[in-house]
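Chemist: Generate coordinates for the sequence data below:
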Amino acid sequence: MTDTVSVPTHRLVDPTRPDRATRASRPLPVDASRPRHPAPTSDGETAPAWMRLLGATLLLAGFVLTAAVLGWPGDAPEVALLVPGVVALVAGALLLLARSRIAVTETDVVLGFRPLPARRIARRRIAEVTVVEADARTYGGIGLRLHRGVRALILTPGRGVRITDDRGRVTFVRAEHPERLVLALAA
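Modeler: Sure thing, here's the model as predicted:
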């Protein structure tokens, strides 16, 4: 039986040759003049199963209704019958594809709520970052919530990151591992 930890991944070092043994075990030089930035950190959440099921149902119902109205034989029915089908198609796609995301890069915090375009907050503008517990009642519902200077991206209850910028605007994003995001922002 082979131990996977001891399987060599590079070339074998000959212990009888001192130049090879020392060169292979020498650490790589670190350039002190370059600042070390943490790797980008990303987290978020996908829509819960009930929301995706409801989205798939609405998408299917919207497709069937739209196809029935457009394929009507003889005299065309009211065009107003297309509106519920198109609304069901759009709502179903939004529920099916919903996903919130927060990514911490070297210069920005990128907030995303699919399928909407991402929003960026410059790291230099962030005044406070905390980990808080939230649910749908905290911000008045699920999804993208906008209310009096507070923006929330929440699909399921739980812990997330609350970011306050230098203008006092608050942004909450539900995340699976909010502590990692806070550490990445503190670095």
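
Chemist: I'd like to know which elements the lengthiest helix in the chain is packed against.
Modeler: If you go by DSSP state H, the chain has its longest helix at helix 49-70. Judged by 3 or more C-beta pairs under 8 Å, 6 or more residues apart in numbering; DSSP states H and E, helix 49-70 is in contact with helix 82-97. For the C-beta atoms, the positions are set from N, CA and C on the backbone; glycine is no exception.

Chemist: And the next helix or strand after the helix it packs on, what's buried?
Modeler: The first helix or strand that comes after helix 82-97 along the chain, using DSSP states H and E, is strand 99-104. In terms of neighbour count (16 or more other C-beta atoms under 10 Å), strand 99-104 has its buried residues at 100, 101, 102, 103, 104.

Chemist: Centre of the chain to stretch 136-155, how far?
Modeler: The chain centre lies 16 Å from the centre of stretch 136-155; the measure is C-alpha atoms, centre = their mean, to the nearest Å.

Chemist: Show me the helices in this structure, by range?
Modeler: According to DSSP H, the helices that the chain contains are 18-25, 49-70, 82-97, 136-139, 178-186.

Chemist: With residue 121 as the reference, name the closest of those helices.
Modeler: Of all these, helix 178-186 sits nearest to residue 121, with 10.3 Å by C-beta to C-beta.

Chemist: tilt between that closest one and strand 99-104?
Modeler: For helix 178-186 against strand 99-104, the angle between stretch directions is 40 degrees (axes from the mean of the first three to the mean of the last three C-alpha atoms, to 10 degrees).
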